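Q: What follows is a predicted structure for the sequence shown.
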Amino acid sequence: MLVLLAGMSLNAKAQSEAIILDADTVVVAPPDSTVQAVLQAADSAAQKPKFKVKDMKPFKPDPNRAVLYSIVPGLGQIYNRAYWKLPIVYGGFMGCLYAITWNNKNYKDYSNAYLTLMYDVEHNKDNPDAWNKAWVDIAKKNGRDPESFITSTALQDNIKRRKDYFRRYRDLSIIITAGVYAICMIDAYVDAQLFDFDISPDLSLRVEPAVTPKTSFSDRSYGLNCSIKF
């Protein structure tokens, strides 16, 4: 009886409590709620599968999402983890924006000068000699030959050419900027599509003999078959 009671008391430490009524009777009480919660948590933890590094899926960007992110310049390249392309992208956009700003500034300057000149010509068209005389006076004042000094007509044509020049290159800079923007979106899409494409430098050339069987149209021939793996 003593050995039986000792074994039952040790088992009760993990699962339940033993209540001894007398030397011949032992009643086992159910464990309380705290012990049940601990046992259930231990069982669930033991059944939960362990995380393994080999179960992780490799990163594969979505081409459609890459194009969507490319609405913001450079964000598609960041999504594809092509960080080395960011200086090229932002450098190209900064160069295009600088070209647009510089050409637009010069265009406005020459456009305002041309409009001012045309306004003066319009108000002095009834007396062109006086208008040309003003240029002659300016030439003499600056110590230049009046006959070789620029006339109002020549100045008007020169300013107009410069105005059209800077307007043309401003519009061209805008078109180039739109092209750079489209190229960035295309690059993000293509890079996402070819993200897992094998570009290893392992090239192999296999050369093996080849025999062409005889047919009713040609004789049997012998040669070499070359195949390149890349």
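A: Everything's here; your move. Residues are numbered from 1 along each chain as shown.

Q: What about residue 211, how many residues nearby?
A: Number of residues near residue 211 (other Cβ atoms under 10 Å) recorded here: 10. Quick note: C-beta positions are derived from backbone N, CA and C, even for glycine.

Q: likewise residue 216?
A: The number of residues packed near residue 216 is 4, by other Cβ under 10 Å.

Q: what's the single longest helix in this protein?
A: The residue-count maximum for a helix in the chain (DSSP state H) belongs to helix 152-193.

Q: List the neighbouring strands of the next helix or strand after it plus their orientation.
A: Downstream of helix 152-193, the next assigned helix or strand under DSSP states H and E is strand 204-212. If you go by DSSP bridges, strand 204-212 pairs up with strand 221-229 (antiparallel).

Q: which residues of this protein score low on pLDDT?
A: Counting by pLDDT under 70, the chain shows low-confidence ranges at 1-57, 119-152, 198-203, 229-230.

Q: In three-state terms, label residue 217 for me.
A: Of the three states, residue 217 takes coil according to DSSP: H, G, I helix; E, B strand; the rest coil.

Q: For it, give me phi and psi.
A: Backbone torsions of residue 217, given as degrees, to the nearest 10, read phi -110, psi -20.

Q: Equivalent analysis for residue 61, please.
A: Phi and psi for residue 61, reported as degrees, to the nearest 10, are phi -70, psi 150.

Q: Could you shift the numbering so residue one becomes 29, and keep it that way?
A: That works, and once the first residue is 29, the last one we named lands at residue 89.

Q: Hmm, it is touching residue 222, no?
A: No: contact status for residue 89 versus residue 222: not in contact, 10.3 Å apart, counting by Cβ atoms under 8 Å.
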